[in-house]
Every structure is written in structure tokens, then in C-alpha cells.
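Participant: Task: produce atomic coordinates for the following.
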Amino acid sequence: MSPSPILPPFPLTRLRRLRRSEALREMVTETRLTAADLIWPVFVTEIEGADIEIPSMPGVQRVTLDGVRAAAERAARLGIPALCIFPHSAEELRTEGCERAWDPENIGNRAIRAVKETVPELMVMTDIALDPYNANGHDGIVRDGVIVNDETVDCLTRMAMAQVEAGADILGPSDMMDGRIGALRMALERHGHSDVAIMSYAAKFASGFYGPFRDAVGASGRLVGDKKTYQVNPANREEALRCVARDLSEGADMVMVKPGMAYLDICREVRDRFGAPTFAYQVSGEYAMIEGAIRQGWLGREVMLESLLAFRRAGCDGILTYFAPEAAQALA
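Facilitator: Below you'll find the predicted structure:
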């Protein structure tokens, strides 16, 4: 923490002096937000006719492979360095064993290849969790009503290797199983992919802000029970920090706090305590609150950038946000 400045008394100190003009305010700005700080999450569907606006996420659409190619081109024009791919798979392909998760031809892997064919220099981040392909809607394998840890980690590792073979640059394990970062890192080393980065969803809370996302990937109606046995209790700060420490010790290159806006205190503490590259996810519910209020006329459009700046001020190196293209355009 920076030391507190020694200030002479008023009128020798007038803090408003440095606010009196646009040029002065710009000169002393402490925190900056640029397009390079953003990752754009994109939902890609393989279902004909499902490339529509998501009702609970106004302004956000599922896209086809052609749509993800267009998104890649748009991101490159705007200076956004990465897309994060989230698959929306056909109902009949969702099984108890989640075998589609590591199929080279699943919609997520096809989307990775589509981005790399269109804009090779654009980074592709993936999501590693079984829920898009799970008949139970959970991030892990379910046995007798229990989400089993070690069997799930084996499946996640197979899923990750298929994503890397498709061209993924950054793996994003969002499942919250114990030991999965170490398993992924060792698998990457064994298979000659030592340069692939892992951004762990290290502090992922069992939050109520994920509802619109589950609508977007088609998991809302399938989820049996809840995810509290593997996601962090929102009341537990120290537990979240232990999760971050564990994932870094197992080989994560970057860590993420999710959700973001309701957990800015965790963002700041993670960055200060560990010093590792720290990201936050402005999740679907947070996006929907802001966009919904703007569309109702209750808030002005400027709150979108204000909300993103808060992540940077809290110490985040980058933000995953559905506002990424709009924010990049505004910042340009």
C-alpha cells in the first residue's frame, strides 16, 4: 500500500486544483482502462435457429461458426486481444458421461479452429467444465447424486487436450474440482504443450449472478441441485485465498475472481497477496443488471465503462466482459 501523502493545511492544499480542467484531470489519472485489458466471452451454438439474442442478456447473442469468425475480425479491429469460447450444444449430445466434451468435432473445438483460421494472431481462451455436455447440468461427473472429483479431473484433462489440439492459447478451468490445475499442467507438459497458459477460475463463488449464463449455454433446465459442493461459499474470504494459493502452486499462470463486481475486495487481496496476473469476470447477471437499467433509462451509458474501471482500480490486470466490443469502441 502506498504511504499517505503529507498535506499542508487549507488553503495551501486545494485538492480541486488538479480537477479544474480536462487536461489536468487526464494528466493525474491513476488508473487506465484500454481495449487490451478486455477478453470477450462469446457463445457459439451448433443448433440451427439458436443464434438469437439471449432474453436474460439483452444485447448478447449466440452465434454460429460464421458469427464467431465475424466476432474474431471485429475483436481484432477493436484491439481486443482474446475471445473466450463458450459452447451451446445440442440436447441429444448431452450425456451422463459427457463424452462430447473431448470430441475434436464438438462445437467449442470447431469454434477455436474457426477463430484461428480467421485471425491467427487473436488469442483464444476456452472454458473447461463439463456442464455444456452434461445431462445433469453440472461441471463434473455425477454418481449417485454426488459430483465426483477425481473422475471429473480425468475428463477435464481429456477436454483440455482436445482444446489445445484445436489451437487454444489459454485454458480456463472453471469447474472448481480439487487438483485439476496440477493435472492439466502435467498433461500439457507430457504432450509437448508447455507454452499453453492456464487462467484458473481460482476464486469462483457459488453465486446467484450466473443465472443468465446458464440460459445462454442451455443448462438452466437441466441443473439438478446446486453447485455448492464445489464452488466457494460467498461468505468465505480466506477459503477463496487458499484456492488461489493452491492453483498457483499447481502451475496456474493467471488467476480469476468470479463473479467480479460483488467481489472487488477479493480481487484486490488476490493481487496484493500473490502478485500473479489477476483477472475478474463481469458475469452474466452483473452484465444484465447494468444493461437492463440502461435500457430502462434508470442509468446512463457511462456506467458501463465505470464498472470496468472499478476492476482495474481493484488491481485486476484484465476483465472478461460481455461489454468488451462496446467498451473497446468507446475507448477508441
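
Participant: State the mean pLDDT of stretch 139-159.
Facilitator: Average pLDDT, stretch 139-159: 95.

Participant: Show the end-to-end separation of that stretch, please.
Facilitator: 12 Å (Cα to Cα, to the nearest Å).

Participant: Can you give me the buried ones in it?
Facilitator: For stretch 139-159, the buried set under the neighbour-count rule, 16 or more other Cβ atoms under 10 Å, comprises 139-142, 147, 149, 152-153, 155-159. No exception for glycine: its C-beta is placed from N, CA and C like everyone else's.

Participant: Pull up the pairing partners for the one helix or strand residue 42 maps to, direction included.
Facilitator: Per DSSP states H and E: residue 42 is located in strand 38-45. Its sheet considered, strand 38-45 pairs with strand 62-63 (parallel), strand 82-88 (parallel), strand 318-321 (parallel) by DSSP bridges.

Participant: would you turn those into CSV with mean neighbour count, mean pLDDT and distance to residue 240?
Facilitator: Shown next, in CSV, are the strands paired with strand 38-45 (neighbours: other Cβ atoms under 10 Å; pLDDT from 0 to 100; distance: least, Cβ to Cβ, whole Å):
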stretch, mean neighbour count, mean pLDDT, distance to residue 240
strand 62-63, 22, 94, 31
strand 82-88, 23, 96, 21
strand 318-321, 24, 98, 18
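
Participant: okay if I get the ones you listed as CSV plus distance to residue 111?
Facilitator: Shown next, in CSV, are the strands paired with strand 38-45 (distance: least, Cβ to Cβ, whole Å):
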stretch, distance to residue 111
strand 62-63, 9
strand 82-88, 5
strand 318-321, 16
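
Participant: who touches residue 173 in this structure?
Facilitator: Residues near residue 173 by Cβ atoms under 8 Å, 6 or more residues apart in numbering: 128, 129, 156, 160, 180, 181, 184, 198, 200, 201.

Participant: One more: residue 53?
Facilitator: Neighbours of residue 53 in contact, by Cβ under 8 Å, 6+ apart: 59, 60, 61.

Participant: now residue 268
Facilitator: Per Cβ under 8 Å, 6+ apart, neighbours of residue 268: 314, 315.

Participant: average pLDDT across the one helix or strand residue 307 maps to?
Facilitator: Using DSSP H and E, the element containing residue 307 is helix 302-313. Regarding helix 302-313, the rounded mean pLDDT is 98.

Participant: got a list of contacts for that helix?
Facilitator: 30-33, 37-38, 260-261, 264, 267, 280, 282, 286, 290-291, 293-294, 319, 321, 323, 326-327, 330-331.

Participant: Off-centre distance for that helix?
Facilitator: Between the centre of helix 302-313 and the centre of its chain there are 16 Å (Cα atoms, centre = their mean, to the nearest Å).

Participant: same question, stretch 99-110
Facilitator: With Cα atoms, centre = their mean, you get 20 Å for stretch 99-110.

Participant: Dump that stretch to CSV, restricted to CA.
Facilitator: C-alpha atoms of stretch 99-110 as CSV (Å, rounded to 0.1, in the frame of the first residue of the first chain):
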residue,chain,number,x,y,z
GLU,A,99,-18.1,-37.8,-23.8
ARG,A,100,-18.8,-34.9,-26.2
ALA,A,101,-16.6,-32.7,-24.1
TRP,A,102,-13.4,-34.1,-25.6
ASP,A,103,-14.6,-34.8,-29.1
PRO,A,104,-12.4,-32.9,-31.5
GLU,A,105,-15.6,-32.0,-33.5
ASN,A,106,-17.6,-30.5,-30.7
ILE,A,107,-18.8,-27.0,-31.3
GLY,A,108,-16.3,-25.5,-28.9
ASN,A,109,-13.3,-27.0,-30.7
ARG,A,110,-14.7,-26.1,-34.1
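
Participant: What are the buried residues along it?
Facilitator: Buried residues in stretch 99-110 (16+ other Cβ under 10 Å): 100, 101, 102, 103, 106, 107, 108, 109, 110.

Participant: Among these, which one sits closest to residue 14?
Facilitator: residue 108 (56.3 Å; Cβ to Cβ).

Participant: from what I can see that closest one touches residue 84, true?
Facilitator: No - taking Cβ atoms under 8 Å as the definition, residue 108 is not a contact partner of residue 84, at 10.7 Å.

Participant: Find residues that contact each of these two.
Facilitator: In contact with both residue 108 and residue 84: 126, 127, using Cβ under 8 Å, 6+ apart.

Participant: residues in contact with stretch 178-190?
Facilitator: 128, 149-150, 152-154, 156-157, 160-161, 164, 171, 173, 194, 196, 198, 200, 246-247, 250-252.

Participant: chain center to it: distance?
Facilitator: 20 Å.

Participant: just stretch 320-330 next, same as before
Facilitator: Per Cα atoms, centre = their mean, the centroid offset for stretch 320-330 relative to its chain is 13 Å.

Participant: Name the residues of it that are buried.
Facilitator: In stretch 320-330, counting by 16+ other Cβ under 10 Å, buried: 320, 321, 322, 323, 324, 325, 326, 327, 328.

Participant: In PDB, list the C-alpha atoms belonging to that stretch.
Facilitator: What follows is stretch 320-330, C-alpha atoms only, in PDB (Å, rounded to 0.1, in the frame of the first residue of the first chain):
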ATOM      1  CA  LEU A 320     -13.800 -10.800 -19.100                       C
ATOM      2  CA  THR A 321     -16.900  -8.900 -20.000                       C
ATOM      3  CA  TYR A 322     -19.800  -9.000 -22.500                       C
ATOM      4  CA  PHE A 323     -19.400  -5.300 -22.900                       C
ATOM      5  CA  ALA A 324     -15.900  -5.800 -24.500                       C
ATOM      6  CA  PRO A 325     -16.700  -4.700 -28.000                       C
ATOM      7  CA  GLU A 326     -18.800  -1.700 -26.900                       C
ATOM      8  CA  ALA A 327     -16.200  -0.700 -24.300                       C
ATOM      9  CA  ALA A 328     -13.300  -1.000 -26.900                       C
ATOM     10  CA  GLN A 329     -15.200   1.100 -29.300                       C
ATOM     11  CA  ALA A 330     -15.900   3.800 -26.700                       C
END
